[in-house]
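**Q** sharing a sequence plus its predicted fold:
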Amino acid sequence: MLRFNLRQIEAFRTVIETGSMTEAGVMLGVTQPAISRLIRDLEDQYGLQLFSRHAGRIEPTKDAIALHVEVERCYGGMEQMVKFATDLGTFRRQRLRVASTVGHSYFFLPKVIKAFHERCPGVTISLRSGLSPEVVELIEKGQSDIGLALLPLDVHGVIIQEMPETSLVCIMPKGHALAALPEITPRELEQIPLLLISESSLMRKRLLQAFNDAGVTPNVIVDSTYTGPICSLVASGMGVSIIDTMTADAYAGQNIEIRPFSPSIPCELKLVLPATQALSKPAKVFIEILQDQVS
C-alpha cells in the first residue's frame, strides 16, 4: 500500500508556487538538492513526470498542473479542519458548563454567575439543574465542567472537594410561637406540622436520625424534592421546615423567620469536578468566586 508523504507534497506545492526548486528550498528551510530528491521520490512513487527541465529552468507538466489542483483542494480542506479545531478549542475555553442542585441554581448561583460575568464577560455560562446524583453523572460523563451537589465524601468516578461548611436551620411563618426561642430542637417540633425535603436526600436522613435520637416522631405533612416550594408553603403559614441556610436566606424577606436548629446538621454542599480533565482558567475563576460566596 502506498503511503502519503506530506513532505513530498509540501515540496511539490512550493515548487509550483515559486517556479524554482532553489526558492522552494529557501521557503521550506532545506537545500535545493533536498527539494530535488523529494520531487524525484514523488515522481518515482506514483510513476509521474511532474517537471520538465529546459536550460536550468523547470516547467510543470500537465500531470503536475492536474495534481496541483487536487493538492490545493486538499490543503483547503486541511485549513478548514485546522480552523474547526481552533474554533472548537476556543468555544470550549469560552463556555463554562455548570451543573447544580435545583435549589442552589435558584438561590445561590445567580450571585456567583453575576460576579463571574463581571470578571470574565467573554465566557458563556451553561447551567443545568437536577438532583445531586444527576449532577455527579453530568460531571462523570464530561457533560459539565463544575458541579455543585449535596453529597457525602464517598462518591466515586469524580473529584469531590469540600466547600465551607454551613448548617441546617429551622424556618417558620412570621409570628409563629417558635420564633420566641433562640434555637429549635426536635423536642420543640413534636406535633408541629413539618414540610421536609424528600426521603431520598441525605439531608432528610440526617434529620430523621436527629428526631429519632431525641425520641420524637416528626409530623411530616408535605415532602418535596426541592426546597423552594417548601419555603413558599412555610411563608403561607402551612407549617415549619428545616432546610439549608442558603435557601432560607433567599426567602428571608418573604414572611418567614429563621432560627438555628440543634443538633447542628452540616449541609453537605460539595464541589464536583471531573476526575480526568484539567480545569480551565474560567473554571478556576468560577470556583474561587463560588467559595468566596459560600464563606
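**A** Received the coordinates, thanks.
**Q** C-alpha only now, for contacts and for neighbours.
**A** Fine.
**Q** show me what the helix or strand harbouring Asp292 is packed against.
**A** Asp292 belongs to helix 281-294 when assigned by DSSP states H and E. Applying 3 or more Cα pairs under 8 Å, 6 or more residues apart in numbering; DSSP states H and E, one finds that helix 281-294 contacts helix 109-119.
**Q** report the backbone C-alpha coordinates of the helix it packs on in CSV.
**A** Coordinates of each C-alpha in helix 109-119 appear next as CSV, following Å, rounded to 0.1, in the frame of the first residue of the first chain:
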residue,chain,number,x,y,z
LEU,A,109,-25.6,30.5,41.9
PRO,A,110,-27.2,33.7,40.4
LYS,A,111,-24.9,35.8,42.6
VAL,A,112,-21.9,33.7,41.7
ILE,A,113,-22.7,33.8,38.0
LYS,A,114,-23.2,37.6,38.1
ALA,A,115,-19.8,38.1,39.8
PHE,A,116,-18.2,35.6,37.4
HIS,A,117,-19.6,37.5,34.4
GLU,A,118,-18.1,40.8,35.7
ARG,A,119,-14.7,39.2,35.8
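**Q** mind giving me the packing neighbours of that helix?
**A** So helix 109-119, by 3+ Cα pairs under 8 Å, 6+ apart, packs with helix 281-294.
**Q** return the set of buried residues in the helix it packs on.
**A** Neighbour counts over helix 281-294 (16 or more other Cα atoms under 10 Å) mark Pro282, Ala283, Phe286, Ile287, Ile289, Leu290 as buried.
**Q** same question, stretch 160-170
**A** Buried residues in stretch 160-170, counted by 16+ other Cα under 10 Å: Ile160, Met163, Thr166, Ser167, Leu168, Val169, Cys170.
**Q** for stretch 9-20, same thing?
**A** Buried residues in stretch 9-20, counted by 16+ other Cα under 10 Å: Ile9, Glu10, Ala11, Phe12, Arg13, Thr14, Val15, Ile16, Ser20.
**Q** those strands in the protein, which residues are they?
**A** With DSSP state E, the ranges of strands along the chain come out as 51-54, 57-60, 95-101, 124-130, 146-150, 158-162, 166-173, 193-197, 219-224, 241-244, 256-260, 266-267, 269-274.
**Q** in TSV: the ones you listed, plus mean pLDDT.
**A** Formatted as TSV, the strands of the chain follow (pLDDT from 0 to 100):
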stretch	mean pLDDT
strand 51-54	84
strand 57-60	86
strand 95-101	90
strand 124-130	91
strand 146-150	89
strand 158-162	86
strand 166-173	91
strand 193-197	93
strand 219-224	93
strand 241-244	91
strand 256-260	94
strand 266-267	80
strand 269-274	88
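**Q** next, format the ones you listed as a markdown table and append distance to Phe107.
**A** Shown next, in a markdown table, are the strands of the chain (distance: least, Cα to Cα, whole Å):
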| stretch | distance to Phe107 |
| --- | --- |
| strand 51-54 | 72 |
| strand 57-60 | 71 |
| strand 95-101 | 10 |
| strand 124-130 | 12 |
| strand 146-150 | 13 |
| strand 158-162 | 19 |
| strand 166-173 | 15 |
| strand 193-197 | 16 |
| strand 219-224 | 17 |
| strand 241-244 | 11 |
| strand 256-260 | 16 |
| strand 266-267 | 15 |
| strand 269-274 | 14 |
